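S.K.: Starting from these lines, generate the structure:
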Amino acid sequence: MIKTVRGFTPVIGEDCFIAENATVVGEVTMGNQCSIWYNAVLRGDVHYIRIGNKVNIQDGAVIHCTYKKSPTEIGNNVSIGHGAIVHGCKIKDRVLVGMGSIIMDDCIVESNSIIAAGAVLTKGTHVPEGSVFAGTPAKKIKDISIELSTGEIDRIAENYITYSGWFKEKS
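M.R.: This next block holds a predicted model:
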């Protein structure tokens, strides 16, 4: 479902895939080659959501904001894992947000970082560039390696462009 709320209609870039039961409402702006998967919700009803290019928001993820206070900004080449909650925060380029993780208001996740599956970033947490954060509450566990950067961040982002192509093919 793509729906206008409070006079704002989602703006969707070129070559994007949005699953039939995904929900994208309100002040949402999405770049090119993005994919929004099954049961994902992007609610730009209370503030804006801006998403860069080559972003995948996987099944059951929720992207939201805080009314008039904390928008959500997601950079380029970002993967938001299944069931993650991203709320009123800023995620820069080349980030992997693991399955079931939670990123709360006013957090900043710098580029080339990984938020591990199940991690909880409490309000205002700052993730330095090139970090891996895990746990509840999430803490830095190590610097990112080249293997994690190319083997996880880049691989997953590129795979989701491929996967979304399967769903855009005409029979």
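
S.K.: so Ile83, which of the three states?
M.R.: No, residue 83 isn't Ile; it's Gly. When classified by DSSP: H, G, I helix; E, B strand; the rest coil, Gly83 comes out as coil.

S.K.: Next, count neighbours for it.
M.R.: Gly83 has 19 neighbouring residues, counting by other Cβ atoms under 10 Å. For the C-beta atoms, the positions are set from N, CA and C on the backbone; glycine is no exception.

S.K.: again with the one 5 residues further on
M.R.: Neighbour count of Gly88, defined by other Cβ under 10 Å: 23.

S.K.: Leaving out chain neighbours, which residue sits closest to it?
M.R.: Spatial nearest neighbour of Gly88, excluding adjacent residues (Cβ to Cβ, 6 or more residues apart in numbering): Ser70 at 3.0 Å.

S.K.: and Gly124, how many residues sit next to it?
M.R.: When neighbours are defined as other Cβ under 10 Å, Gly124 has 11 of them.

S.K.: need the contact list for it.
M.R.: Going by Cβ atoms under 8 Å, 6 or more residues apart in numbering, Gly124 touches Met104, Asp105, Asp106, Cys107.

S.K.: tell me the phi and psi of Ser164?
M.R.: Note on Ser164: backbone dihedrals following degrees, to the nearest 10 are phi -60, psi -30.

S.K.: next one: Leu96
M.R.: phi -110, psi 120.

S.K.: Closest to the centroid, which residue in this protein?
M.R.: In the chain, the centroid-proximal residue (Cα atoms, centre = their mean) is Ile80; its distance is 4.0 Å.

S.K.: That one is in contact with Ala61, isn't it?
M.R.: Yes - contact criterion Cβ atoms under 8 Å: Ile80 and Ala61 qualify, at 4.9 Å.

S.K.: intersection of neighbour lists for the two?
M.R.: With Cβ under 8 Å, 6+ apart, Ile80 and Ala61 have common neighbours Val86.

S.K.: Provide the partner residues of the residue nearest to the centre of the chain in its beta bridges.
M.R.: Ile57, Val97 (DSSP bridges).

S.K.: likewise Ile74?
M.R.: In beta-bridge terms (that is, DSSP bridges), Ile74 pairs with Ile51, Ile91.

S.K.: quick revisit: nearest to Ile2 among the contacts of Gly124?
M.R.: Asp105 (25.4 Å; Cβ to Cβ).
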